[in-house]
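Participant: just the structure for this:
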Amino acid sequence: MAADPRVPRVLILTGEPLDGPEGPASDLARGLVRAMPYAEYLWLRRWWGTSGTSAPGRAAGGRALPVVTRGRPLSRPLWAQVAAVGAAASHRVDLVHAVIPVGSGFATFSRLWPRLAARRPVLHTVPSVVDPAHLWGARPLGRTVAMSGATAQVLAAAGFGPVDVVGPVLRLGPWPPRPRARRTPPMVLALGDGGSEEALLAAGVAARAGARFQLVLVANGQGGGGHAGRPDEDALRAIAAREGLLDMEVLRRISDMPGLLAAADVLLYVPRALVGRADVPAPVLQALATGRPVILSDLPQFAALHDTVLRGPVADPHRTGHLLRELLDRPWWWEHLAERGRAVVEERFAPERAAEAYADLYRELLVGGGQGA
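Facilitator: As a prediction, this is how the structure comes out:
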């Protein structure tokens, strides 16, 4: 592949190694590297060992660049390494594709990058904006891509426009459609991730309205660069007891997400805001691909899902709880949403769709010779 001069060499620059822990940026970057036959990639890997996530390089004909990783993703030492390794590698590629969220260190990184790196075209995919305040003082790295129209508007208002929109990707192979588990009682899988209390309150409304179910709460903090700590389990159980949720299990880690979704009947994810998460978090797409209806809070980032999911008003456990009760009580509605969810993921979020969009963007930048900011 490298011998073909028509195949561009692309540095895919992330704030965490692609063979490291899962996160919104690394998940997206791995999906792109595996799906794109149009480029030879350079990508970041851990200096030693892996954490269980398969590296994408061989399938994409790519090459890995080692970085030393200690501590949480996007820590200052890791940012410094990413900048140094990326700047050095930029001299050996035709294009830099940054897949980096806008977080607390992004403004500094965006100002340093043009001084350190070769003047190569840059495409910047923004998986999430942790806080719009982090855009203050930031500069565009180059052409910018958002994963939702809502984030595109935020970036454009901060001077990053015009902003393209390319949705997230999900490899469908690991997420085949599964028949409903037919458990008694049914299982409601709730993602905490910044919305644990809201999920408990909505589940309490559904239970008091007559719904019978087991609640499994994944209470793993905000993840993906969020700043809040892990929710206190005793506090969560106190809320559950107050809401009459006697059959609740709390998970801190998920070792088998496909199995957990196969056993679940509904995915409930109702945060007040997305903090450090991709605009459409991976578990939402995984649930839809598996054939599990999803209930979300009505955040603007979820607008691209349209009627594929059920959406309750933000911070309105009463309405959300009644949506949950009605869904559990209406098998025909469950079946409709399950079929619709799988079809929409295949249609809109398969890697091939995003690969075509990014291939077009690559060609535009390489032909036009666009520069980073």
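Participant: next structured bit after the one helix or strand in the chain whose mean pLDDT sits lowest?
Facilitator: Scoring the helices and strands of the chain by mean pLDDT, DSSP states H and E places helix 57-60 at the bottom, with a mean of 45. Using DSSP states H and E, the helix or strand that follows helix 57-60 towards the C-terminus is strand 63-67.
Participant: which residues are contacting that following strand?
Facilitator: 17-19, 40-47, 55, 57, 78, 81-82, 85, 89 (CB atoms under 8 Å, 6 or more residues apart in numbering). In short, each C-beta sits where N, CA and C put it, glycine included.
Participant: which of these count as buried?
Facilitator: Buried members of those, scored by 16 or more other CB atoms under 10 Å, are 17-19, 40-46, 55, 57, 78, 81-82, 85, 89.
Participant: mind checking which of the residues you listed land in strands?
Facilitator: E40, Y41, L42, W43, L44, R45, R46 (DSSP state E).
Participant: confidence score at the second one?
Facilitator: Read that as Y41. You'll see Y41 listed with a pLDDT of 89.
Participant: who's it bridged to?
Facilitator: Taking DSSP bridges, one finds V10 as the beta-bridge partners of Y41.
Participant: and V216, helix, strand or coil?
Facilitator: Here V216 is recorded as strand under DSSP: H, G, I helix; E, B strand; the rest coil.
Participant: so who does it touch?
Facilitator: Applying CB under 8 Å, 6+ apart, we find V216 in contact with M187, V188, L189, A190, M248, E249, L251, L260, A264.
Participant: so what does whichever strand or helix holds the second one touch, helix or strand wise?
Facilitator: Translated: V188. Using DSSP H and E, V188 sits within strand 187-191. Other elements packing on strand 187-191 under the criterion 3 or more CB pairs under 8 Å, 6 or more residues apart in numbering; DSSP states H and E are helix 196-208, strand 214-218, helix 257-263, strand 266-269.
Participant: most packed of the ones you listed?
Facilitator: strand 266-269 (a mean of 27; mean count of other CB atoms under 10 Å).
Participant: that strand - what's its average pLDDT?
Facilitator: 98.
Participant: biggest separation within the ones in strands among the buried ones among the contacts of strand 63-67, which pair?
Facilitator: Maximum pairwise distance in those, criterion CB to CB, is 21.0 Å, between E40 and R46.
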